[in-house]
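Undergrad: Sharing a sequence plus its predicted fold:
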Amino acid sequence: MSTEFPEWLRGRTDEQLRALVTARPELITPVPAHVDGLAARAGSPSALGRALDRLDRFTLAVVETLTLQPGPITRKALRSSLDKAAAGTAGKKELDAALDEALDRLRTRGLAFGPDDALLPAPGVVEALDPPAGLGPPAAEVFRHHSPEALEVLLDDIGAPRRDGSPRDRLAELLADPTTVGRLVAEVSPQARAALDELSWGPASGRLPNARRDIRTATAQSPIEQLLARGLLGATGDESVALPREVALFLRDGRVHRDLSPRPPDLEGARRDQVLADRTAAGQAFTLVRTVEELCEHWSVEPPGVLRTGGLAIRDLKRTAQSLDLPEWAAGLVVEIAYAAGLVASGGSVDGEWLPTPAYDGWRVKSTEDRWALLASAWAGMDRVPGLIGERDDRDRPLNALHPDLRRPAAAQVRAQTLAVLASAGPGLAPAAASVLARLSWEQPRRRGAQRDRLAELTLREAEQVGVTGLGVLSAHGHGIVRGDGTAAGLLAPLLPEPVDHVLLQADLTAVAPGPLTSDLGRWLALTADVESKGGATVYRFSERSIRRALDAGQSADDVAGMLERHSATAVPQPLRYLISDVARRHGRIRVGTASAYVRCDDPSVLDEVLADKRAGLLRLRRLAPTVLASKTSRATLIDSLRAMGYAPVAESLEGDVLVSRADSRRTDGPPVARGAGPTGPEPDVAAAAIRAMRAGDEAHRTRRRPSHGPDGQVPRSPATATIQALQDAIRQGSRVWIGYLDAQGHATSRILEPARMEGGYLTAYDETRAAVHRFALHRITGIADVS
Amino acid sequence: MNDGPLIVQSDKTLLLEVDHERADECRKAIAPFAELERAPEHVHTYRVTPLALWNARAAGHDAEQVVDALIGFSRYPVPHALLVDVAETMSRYGRLRLDKHPTHGLVLTSTDRAVLEEVLRSKKIQPLLGDRIGSDAVAVHPSERGNIKQLLLKIGWPAEDLAGYVDGEHHAIALAEDGWTLRPYQKEAADAFWHGGSGVVVLPCGAGKTIVGAAAMAHAEATTLIMVTNTVSAHQWKQELIKRTSLTEDEIGEYTGTKKEIRPVTIATYQVMTTRRQGVYRHLELFDARDWGLVIYDEVHLLPAPIFRMTADLQARRRMGLTATLIREDGREGDVFSLIGPKRYDAPWKEMETQGWIAPADCVEVRVTLSDEERLAYAMAESDERYRFCSTTPSKTRVTEALVRRHGGEQVLVIGQYIDQLDELGEHLNAPVIKGETRVRERERLFQAFRDKEIQVLVVSKVANFSIDLPEASIAIQVSGTFGSRQEEAQRLGRVLRPKADGGGARFYSIVSRDTVDQEFAAHRQRFLAEQGYAYRIVDADDVGEENPAR
């Protein structure tokens, strides 16, 4: 088993290791005990998958090319192979620079190692990339399941010289020789040639009924049979055939990739004025903040219920959309942003309601730009996809807003990447959606898929709605959000309308606030007048009802008039004054109160007596009329107390005694909102600490390391990393190994195996001792040794 | 930060600060595509509606101009969604066109095949269409020209009507400008109409709409059909045309309840046109009686539904609508747009007043308090009787008397809704009453006497709401009205807006019962005028005597 990679890793500087774990944070969660542990984890399929997923198209092409070579490869060889694929797309210098950068990136991430003259892929990379670049398996693999006899026949047919060695190896050797393959390809009919071309750029396998048939070159009928008879195609199963890698490389004319470019595709789209774009985005940002506030105010009075399955009912979303004057998808977005920012949450009880949180009260008094920055970063970081609201899930159930099912683990990352693409567009460029998608698929080709494209498209639409972009261009404050360095609010502030502290009063009973009002005045006006139109300015209309509302809230007519005079840029119009005094004249003429019980007596003097009694103080009696007392206590208490005082009261049946009191705005401490894991790596100090810990552990580990080959006859013991390494080698070489294995009952056993593949923590292997294919749990393998 | 005079709201209203130095420039830029909705003293409100945007397209403006104007004058960033919406809406106009085809007659063509397909699939539109001509055009039955425009507007794809007009029968008409000249805005209005082909001219009451009509006739020089609201108005049109144009009495016919003359210029009333006998419109032949070159609709905001239907058949003739308020209480502004035509000219009332074309007016709302018995009776009245009860309360009669006394020596019009109330007022004020049953001859005699200042107080019912020219009336007292009708209020104010010989102002009193539905309706009625910048003062009935007499 190879110790090359762990040793190479050990030889890296601390700084380089920090770069490694920063680029691949999953390697230090949890922190491995020592460098061997780090190497093992770096080579595990899941960690490799994630690391490879993060590579751009060019770097991926480099590592793919690297894996095609059985042994170490020189940089020069690598370069010439890439040069063919990248022909015409880039100059020599550019390719060199890109290659250096890619190799540096691969080394930093521990995906390739070795000096420039002997580059190697890290252990596990070959398996993780299988099949690389859309190539089929190598010939040795394709023909593995063919009987030696059948292969001998095939070799004879294609005129191979008789030699020693297994027929499989000889066929592989032949196919690796371009002249032989060229000769064979030239023999087949044009239809067969077309089929080959079809397969050459992948997928390199196809389905064919009765694939394992006996065919000779002489008897071959169909184009496919012609190929099978010559070994240009091989059956890999009863119903599947594959194009051997060597043949594909020949057909590809030595290139591994079809059209490789060392730089990402250019972004294309409309050109806009950046200043205008910033202003438009600021306008939208302002609108978002206002809409969220409106939503929370609305929900604090009329909270919608939480569905039994969680989430917000479609009906409630419709109603909310209507009250916010937004299309439904935009209303869903606003609701989700408010939720992600922790401004609304569910009450938590069984029949809960969606209510603003105490955090909302704190948010509300902040400045507009700070409020927006909070909302926009909540949007950028959330792992939920509001764009899915209203669609149906796999089980054909509708997806509701605020429902847990809206979570998509990739959402935050795709959003961040999309925004990063926009950020790279340069000032004034509004990249078209197709262009953004093309760039994304270049940056992370392995993540390509319908879901990512969908998420990216949604991100573009939402960014416009949130005000991160304006006219499709990332705005100045949008850049702040992308950088996530807290500068967004500062960049937005100068673009926002300045708050004003006056209104223009007009004779048609309207007031126009020519900008956002200072919050005190804004709230006061919202109470005293009805909002008629919103936007940069606000138009209020005074009506009998609205003035009455202000009076109900405890203001006097003079208060209202005084406040208007103070904050009006012009004289208060006569009709408005008249309206206020007219409403005030009638206000409060009828009084309504609550009393839970009353005392009625035809003789006022008895009631005088009751009131004068000291013991009645606790009953909080109030005289409404000479013969009626009202009390806040219950009827039963009242009767008991009066009896105790020596009277003989009789209970009267009450009808229409209604008590309604409800606090008009409520709050909830909902469960804290889970934030999606950001796309960023670990903090630098975390990475540094992890490296320090590993180095220290490594020292200790190495001092007590023992040779891994156990003595004969004993169950082999070896460290887990070595085990996996050895198993991988065995799979690659097709060799047999001897393992120690703890069975389900905990008994130590030993087996001789021919490992086939390793995935998901299990090893699948042919067990010679049992003569059957079994699955073995990797964590129960105690050790491994070669069967010599 | 831009310091423009305009604030663009997200609900597509535009707020224009009138005291801003660039306000005038801005007003000119936005007027083509935004309807002036309110014009109070400080901030005017415009609204960008699809109709307004299509009006702008019809007048040759494009979305780029609109967006530029919004962004250029806006103080704050303009919401992106709004700009997109504007461009989107404007691009809908003109995708479909009605053209004249040399062989197929009237055809509907489209530059966008998808739109044409959408329209063709509409069940309502299919029956109006003939054969498909190629992939981008379809024949339209010529008789359905109006209906198809109406329907297309309804489904949001307004068609541009390029099919042209018939010239009509030639008839020499010229303006006789002896001792008077066309005012600049009247000329502008008539020219704007003529270049647009068909459409509506909006001018305040008293601004001389008749003369704009006459100027349009002089442009057309063709036989003309004029439709007006009532007989008295028909007579006034006739008098005015004789005075202002080369037309003689013999060339102008009246087609009313009593006379059925068809002459080169014929003036008909809506009423006679919509009279049915046994379910059949008897007077439809008037439309075909001559080859009319121009059809004028006076007070187009009142156009009755049957006239709309008839107008749908007149699409090949030039049509002119005249009105003071393009507000229809029935919300059929869209039909006016598609059947008569887009708005071609509009002038705010207050602007006309500053230029001196209409008299400055002072609007006063007088609040009367019901007596205790009246209040009790009001509270007990059936809900459908309440409005009548409170708007005809005897307290109003007393206040009216006081007002008339105070304005002794001036020409006073008392306007009301309920005949009983008017009769009673006539008795108390010792003034003649004109109501529906008053014969036309008698009406005209009384109006003439009023003009000649032989009688100073005239009590009129709603028959005098429109088109009655009483230049010297300077005081109007409204005692009751048709519920919350905004345009009625505006029309009634219009009765006193003719510039006075002495250059004085007018005063409009509206008497309202406090704390009743009357007050609510009054508030609604006043909205149009308040929005045009007429600020109502409110006074208590008890204070009427103490106030300074007018002027």
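TA: Looks like it came in fine. A quick note: this is a predicted structure, and the numbers were derived from the prediction, not measured.

Undergrad: Show me the helices in the stretch 451-600 of chain A, by range?
TA: Shown for the stretch 451-600 of chain A, the helices assigned by DSSP state H, counting those that start in this stretch span residues A:476-483, A:488-492, A:519-528, A:544-552, A:557-567, A:574-586.

Undergrad: quick check, the second one touching chain B?
TA: No - with Cβ under 8 Å from any Cβ of the partner chain as the threshold, helix A:488-492 lies outside contact range of chain B, at a closest distance of 11.0 Å. Where you see a C-beta, it was placed from the backbone N, CA and C, and this is true even at glycine.

Undergrad: distance between that helix and the chain's centre?
TA: Distance of helix A:488-492 from its chain centroid, counting by Cα atoms, centre = their mean, to the nearest Å, is 25 Å.

Undergrad: List of residues touching it?
TA: Contact partners of helix A:488-492, identified using Cβ atoms under 8 Å, 6 or more residues apart in numbering or on different chains, comprise A:282, A:285, A:367, A:369-370, A:372-373, A:376-377, A:476-481.

Undergrad: Separate out the buried members of these.
TA: Using 16 or more other Cβ atoms under 10 Å in any protein chain shown as the burial test, these include A:282, A:285, A:369-370, A:372-373, A:376-377, A:476-481 as buried.

Undergrad: Which single one of those is nearest to chain B?
TA: Of all the buried ones among the contacts of helix A:488-492, chain B sits closest to A:Ala282, with 4.9 Å by Cβ to the nearest Cβ.

Undergrad: Could I get the buried ones among the contacts of helix A:488-492 in a markdown table, plus columns for distance to A:Asp552 and pLDDT?
TA: Listed next are the buried ones among the contacts of helix A:488-492 as a markdown table, based on distance: Cβ to Cβ, whole Å; pLDDT from 0 to 100:
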| residue | distance to A:Asp552 | pLDDT |
| --- | --- | --- |
| A:Ala282 | 37 | 87 |
| A:Ala285 | 35 | 89 |
| A:Glu369 | 35 | 89 |
| A:Asp370 | 33 | 91 |
| A:Trp372 | 34 | 93 |
| A:Ala373 | 37 | 93 |
| A:Ala376 | 38 | 93 |
| A:Ser377 | 40 | 90 |
| A:Ala476 | 45 | 90 |
| A:His477 | 41 | 91 |
| A:Gly478 | 44 | 90 |
| A:His479 | 48 | 91 |
| A:Gly480 | 44 | 91 |
| A:Ile481 | 43 | 90 |
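
Undergrad: Is it possible to get TSV of the residues you listed that adds distance to chain B?
TA: Shown next, in TSV, are those (distance: Cβ to the nearest Cβ, whole Å):
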residue	distance to chain B
A:Ala282	5
A:Ala285	9
A:Glu369	13
A:Asp370	18
A:Trp372	13
A:Ala373	17
A:Ala376	16
A:Ser377	21
A:Ala476	13
A:His477	12
A:Gly478	13
A:His479	17
A:Gly480	17
A:Ile481	17
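
Undergrad: In contact with the nearest residue in space to B:Pro348 that is not next to it in sequence: list those residues for me.
TA: Nearest residue to B:Pro348, sequence neighbours excluded (Cβ to Cβ, 6 or more residues apart in numbering or on different chains): B:Ala39, at 5.5 Å. Contact analysis of B:Ala39 by Cβ under 8 Å, 6+ apart lists B:Thr45, B:Pro348, B:Trp349, B:Lys350, B:Glu531, B:Gln532, B:Gly533.
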